[in-house]
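Q: Next comes the sequence, and after it the predicted model I'd like to discuss.
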Amino acid sequence: MRKFRTLLGATLAGACALAVVPGTASAAPAAAPQQATADLADTTGAYYEVSPARLMDTREGLGAPKAKIGPLGKVDLQVAGRGGVPAAGVGAVVLNVTITGPTSDSFVTAYPAGETRPDASSINFAKGWLGSNNVTVKLGADGKVSVYNRNGYTDVVVDVVGFYAKDNSMTNRNGGQYEWWAPERSFDTRNDPEGKPPAGTILEYALDFGPDRNPHMRTLVFNLTAVAPASAGFLTAWSGATAKPTASTVNYGAGKNVPNLAFVQTTPCTGSEPFEWCTPGSRKFKVFTSAAAHVLVDMVGAVDDGFSESGMRFAPMSPTRIVDSRTNLGISGAIPANGTRRAVVPGYTDGTGVAVMNVTAVKPTNNTVITVWPADIAEVPKPSTSNLNPYANQVVSNAVLGIVEPTGAFNVHNLSGTTHVVADMVGRFYYPVAPAATLAGDAGKSKPQVVGSSHR
């Protein structure tokens, strides 16, 4: 059995004062180029970020007919060869799927084109709902993904943010490995004296991993939550090295608390920023809110260039239901108020660290909070973070990177009322079998730690 490793999380240092930046941010310095890795031992399962790019918008006829997807309707979306995704050698992609204007309660399932549609869902929604979900999906025939709608008619928008290598053909590209983070709340504007960020605000954040680590950190993975927005709108998270992309990260309705998992590229702090608000070399990113809203950032992981021995690769699978408390699959019965249930990943094998899932809360009796964390790691107690913030009688989903080592189990906690829970697994992060399989060598290094944080 793999020896359990050091945790990624660490206590964050105090933050600087928040400065509201209206409108569009000025361009930040470009990210430092990463060292080429043409001598990679193996690229299979490595992660490659791309600048957020829109692949499909049924409102505009982009990537699909200009029409809502109807009941039992399906669109086969071409992904490979578009939006920065290579035409070949891609095993799975990380998408942000947005639903807008549905005429009925329904769900959408994204799955590999050419395969039988699975008994799983990617995003669940109510009539008239506006929202999005991070969806990791294996590519199917000809590099396509099927997008299926169950009931009514709805517009669907799909943005791509990254992909995973299918094989060892990406040796001319600089991939990365994922490391899980003990869930931790890093930033919360509700604690800022300036109050709720107004519409058009761009927030800037930075995390300092120390001078030896900062050059290797590339992408941060966190739950990004909009809290009590004044009107319908969206959050966009990006590195800040370029102008704000057109892609959105979180879409929200007025007054609704809405989370979404986000893979966000970073750029280094140069030390020349106004008021020297971040430590030179620390990794920074930006978050834009189109309407007045509070913003929460709950860290769950990071992607580096292979510097750490604790990095993992991704193995995709067709969406598979592993938990459905309604049928006593994985969890028996609804989870009560302040209740915790333990679920086990079927077929768990040693070397798997994280199960990539879509977790759905089904019609809770009260407004509540759902939190997922590892079941059998004493050093990781229940965190003060959230994965889902469902309202009473709502059916809503969010992507969850559930830590399942060392026993293949994870905990699910429900705060209030009772709720059923469903989990659909789409892949797993696993540890390479030997240091030679890392992407950038230097496999003997210890787990990276955050030594400070700041924002403005």
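A: The structure has been received and is ready for your questions.

Q: Give me the neighbour count for the nearest residue in space to Pro229 that is not next to it in sequence.
A: Spatial nearest neighbour of Pro229, excluding adjacent residues (Cβ to Cβ, 6 or more residues apart in numbering): Ala293 at 3.7 Å. No exception for glycine: its C-beta is placed from N, CA and C like everyone else's. Counted with other Cβ atoms under 10 Å, residues neighbouring Ala293 total 29.

Q: repeat for Tyr391
A: Counted with other Cβ under 10 Å, Tyr391 comes out at 14.

Q: Need the three-state assignment for the nearest residue in space to it that is not next to it in sequence.
A: Here the nearest residue to Tyr391 in space, its sequence neighbours aside, is Asn367; by Cβ to Cβ, 6+ apart that works out to 5.1 Å. Asn367 falls in the coil class when you classify it by DSSP: H, G, I helix; E, B strand; the rest coil.

Q: So for Asn367, what's the pLDDT?
A: With respect to pLDDT, Asn367 scores 96.

Q: Now do the contacts for it.
A: 389-392, 416-417 (Cβ atoms under 8 Å, 6 or more residues apart in numbering).

Q: what does Thr98 give?
A: Here Thr98 is in contact with 130-132, 156-159, 248, 251 (criterion: Cβ under 8 Å, 6+ apart).

Q: Buried subset of the residues you listed, written for PyMOL?
A: Buried subset of the contacts of Thr98, written as a PyMOL selection, criterion 16 or more other Cβ atoms under 10 Å:
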select buried, resi 130+131+132+156+157+158+159+248+251
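
Q: Looking at the contacts of Thr98, spot the one nearest His216.
A: Closest approach to His216 among those (Cβ to Cβ): Asp159, at 26.4 Å.

Q: Need phi/psi at the closest one.
A: The phi/psi pair for Asp159 (degrees, to the nearest 10) reads phi -120, psi 140.

Q: May I have the residues that are in contact with it?
A: 52-55, 95-96, 98, 247-248.

Q: Tell me which of the residues you listed fall in strands.
A: Taking DSSP state E, the ones among the contacts of Asp159 that sit in strands are 52-55, 95-96, 98.

Q: Those residues: which two are farthest apart?
A: Maximum distance among the ones in strands among the contacts of Asp159 (Cβ to Cβ): 13.8 Å, for Ala53 and Thr98.

Q: From Ala141, how far out is Arg283?
A: Using Cβ to Cβ, to the nearest Å, Arg283 is found at 38 Å from Ala141.

Q: who has more neighbours, these two?
A: Neighbours per residue (other Cβ under 10 Å) separate Arg283 from Ala141, with Arg283 holding more: 29 against 11.

Q: right, and Lys138 touches Met317 too?
A: Yes. Between Lys138 and Met317 a contact is recorded at 6.7 Å, counting by Cβ atoms under 8 Å.

Q: what domains does the record give for the chain?
A: Per the record, the chain has its domains at 47-165, 177-311, 317-430, by automatic domain parsing.

Q: measure the longest one end to end?
A: The reference is to domain 177-311. 5 Å (Cα to Cα, to the nearest Å).

Q: same question, stretch 164-173
A: Note: stretch 164-173 ends 12 Å apart using Cα to Cα.

Q: Please point out which parts of that stretch sit buried.
A: Quick answer for stretch 164-173 (16+ other Cβ under 10 Å): 164-166, 170-171, 173.

Q: what's the spacing between it and its chain's center?
A: Counting by Cα atoms, centre = their mean, to the nearest Å, stretch 164-173 is centred 22 Å from the centre of its parent chain.

Q: what do Lys138 and Met317 both touch?
A: With contacts taken as Cβ under 8 Å, 6+ apart, the residues that reach both Lys138 and Met317 are 426-427.

Q: who has more neighbours, these two?
A: Per other Cβ under 10 Å, whichever of Lys138 and Met317 has more neighbours is Lys138, with 23 against 14.

Q: Spell out the secondary structure type for the residue of the chain positioned farthest from its centre.
A: Residue farthest from the centre of the chain, counting by Cα atoms, centre = their mean, is Phe275 at 31.1 Å. At Phe275, secondary structure determined by three-state DSSP is helix.

Q: Of the contacts of Asp159, just the buried ones, ChimeraX syntax please.
A: Buried residues among those (16+ other Cβ under 10 Å), as a ChimeraX selection:
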select :52,53,54,55,95,96,98,247,248
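
Q: List just the nearest of the contacts of Asp159 to Gly240.
A: Proximity of the contacts of Asp159 to Gly240 (Cβ to Cβ) peaks at Pro52, which lies at 12.7 Å.

Q: So the closest one is in contact with Asn96, correct?
A: Yes. Counting by Cβ under 8 Å, Pro52 touches Asn96, with 7.5 Å between them.

Q: what do these two both touch?
A: 159-161, 247, 249.

Q: pLDDT check: weakest of those residues?
A: Ala247 (86).

Q: Go ahead and confirm that one touches Met56.
A: No. With contacts counted by Cβ under 8 Å, Ala247 stays clear of Met56, the gap being 11.5 Å.

Q: helix, strand or coil for the nearest residue in space to Ala53 that is not next to it in sequence?
A: Ranked by Cβ to Cβ, 6+ apart and with sequence neighbours excluded, the top spatial neighbour of Ala53 is Gly83, at 3.4 Å. Gly83 falls in the coil class when you classify it by three-state DSSP.

Q: ok, Gly83 - contacts?
A: Counted by Cβ under 8 Å, 6+ apart, Gly83 has contacts 50, 53-55, 160.

Q: Val108 now?
A: By Cβ under 8 Å, 6+ apart, the residues touching Val108 are 69, 97, 99, 121-123, 125, 147-150, 154, 156.

Q: in which helix or strand would I find it?
A: Per DSSP states H and E: Val108 is located in strand 106-112.

Q: Pairing partners for that strand, with directions?
A: Within its sheet, strand 106-112 is paired with strand 123-125 (antiparallel), strand 144-149 (antiparallel), according to DSSP bridges.

Q: and among the ones you listed, the most buried is which?
A: strand 123-125 (a mean of 25; mean count of other Cβ atoms under 10 Å).

Q: now that strand, how far from the chain's geometric center?
A: 16 Å.

Q: residues making contact with that strand?
A: The contact list for strand 123-125, computed with Cβ under 8 Å, 6+ apart, reads 97, 99, 102, 105-108, 131-133, 135, 154, 358, 360, 395-397.

Q: Cheers, nothing more for now.
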